[in-house]
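Student: Quick one, fold the following:
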Amino acid sequence: MTTLSERNLPVTQIHDLIEQYFATFLSASAVTQTVHKFEQQFPPGQAVSWLKQTTSDPLWNGLLIALQCGQLLPHPSRLVLGQVYGSQQIGAVLAQDFADLEQEQLQLLCLDTKNQIIKRQIVFQGTLNSCPAHPREIFQVALTTATARIVIAHNHPSGDVKPSEKDIEFTKRLQLAGEVIGIPLLDSFVVGVNDYFSFAEHGLLNCNTDS
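Tutor: Now for the predicted structure:
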């Protein structure tokens with residue numbers, strides 16, 4: 001597996017990613033001060049070492065978890081801010097990303113008109129058995145970017161990728177909401193330990209990426 005040091009990310013890029021994280025929930029006036037305080041404790045140039053650390057402050061830990069989950073840091077071998085060519089491609093990436101998670105997590109991928117991933121965000125994280133979600137919160141995130149279509153993915157910590165009745169119902173609700181809003185649902189994934197289930201591959205969603 002490629003390590004952070006092997007990727008040799010420049011300090012300015014680490015700084016930009018930290019700033020991007022805090023900008024998701026802080027006002028513009030508070031971001032600069034918060035980033036400065038964070039970087040005093042966690043210098044971007046030492047990210048290789050502090051990426052694996054934890055602190056008693058949940059604010060800092062939130063960023064560390066986001067970085068460790070690959071929500072912000074780009075991985076050359078993973079599909080982050082890249083282009084989606086098909087469900088098999090993105091399914092393989094998601095299977096890697098969700099491999100070690102013990103809690104159920106729902107991720108949203110926002111795509112532009114060329115199917116470039118312009119945003120990837122953890123929308124919900126639940127208990128071992130549940131991950132409450134609502135289309136409203138998902139499209140609130142999607143509408144903050146120039147999103148043309150979305151992909152959602154969540155994991156089953158049990159390893160079974162067969163979608164539950166709730167998974168099927170939720171996907172249908174999200175598809176209908178997307179049609180109304182004008183941001184179609186391209187695919188919905190259920191991810192296990194080493195496998196995935198794609199609604200599009202199984203003909204349950206239209207996976208036409210040309211439109």
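Student: Show me what the longest strand seen in the chain is packed up against.
Tutor: Ranked by residue count and defined by DSSP state E, the top strand of the chain is strand 117-125. Under the contact criterion of 3 or more C-beta pairs under 8 Å, 6 or more residues apart in numbering; DSSP states H and E, strand 117-125 touches strand 105-111, helix 135-142. C-beta: built from backbone N, CA, C; applies to glycine.
Student: Please save the CA atoms from the first one in PDB.
Tutor: Going back to what we said before, that points to strand 105-111. The C-alpha trace of strand 105-111 is given here as PDB (Å, rounded to 0.1, in the frame of the first residue of the first chain):
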ATOM      1  CA  GLN A 105     -20.900   4.500   6.900                       C
ATOM      2  CA  LEU A 106     -22.700   6.300   4.100                       C
ATOM      3  CA  GLN A 107     -20.600   8.200   1.600                       C
ATOM      4  CA  LEU A 108     -21.700  10.600  -1.100                       C
ATOM      5  CA  LEU A 109     -19.800  11.200  -4.400                       C
ATOM      6  CA  CYS A 110     -20.800  14.200  -6.400                       C
ATOM      7  CA  LEU A 111     -20.000  14.200 -10.100                       C
END
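Student: Now tell me what touches it from outside.
Tutor: 84, 90, 94, 97-98, 117-126, 131, 133, 138, 141-142, 145, 147-155, 186 (C-beta atoms under 8 Å, 6 or more residues apart in numbering).
Student: And the residue lying farthest from the centre of the chain, how far from Y21?
Tutor: Most distant from the centre of the chain: Q40, at 27.1 Å, with distances by C-alpha atoms, centre = their mean. For Q40, the distance to Y21 equals 16 Å [C-beta to C-beta, to the nearest Å].
Student: before we move on, what about I122?
Tutor: 11 Å.
Student: out of those two, which sits in the more crowded spot?
Tutor: Y21 (20 against 14; other C-beta atoms under 10 Å).
Student: what's the burial count for F189?
Tutor: 27.
Student: ditto for I138
Tutor: 24.
Student: go on, Q96?
Tutor: Residues near Q96, counting by other C-beta under 10 Å: 16.
Student: Next, the angle strand 105-111 makes with the host helix or strand of it.
Tutor: Counting by DSSP states H and E, the secondary-structure element that holds Q96 is helix 87-97. If you take axes from the mean of the first three to the mean of the last three C-alpha atoms, to 10 degrees, helix 87-97 sits at 140 degrees to strand 105-111.
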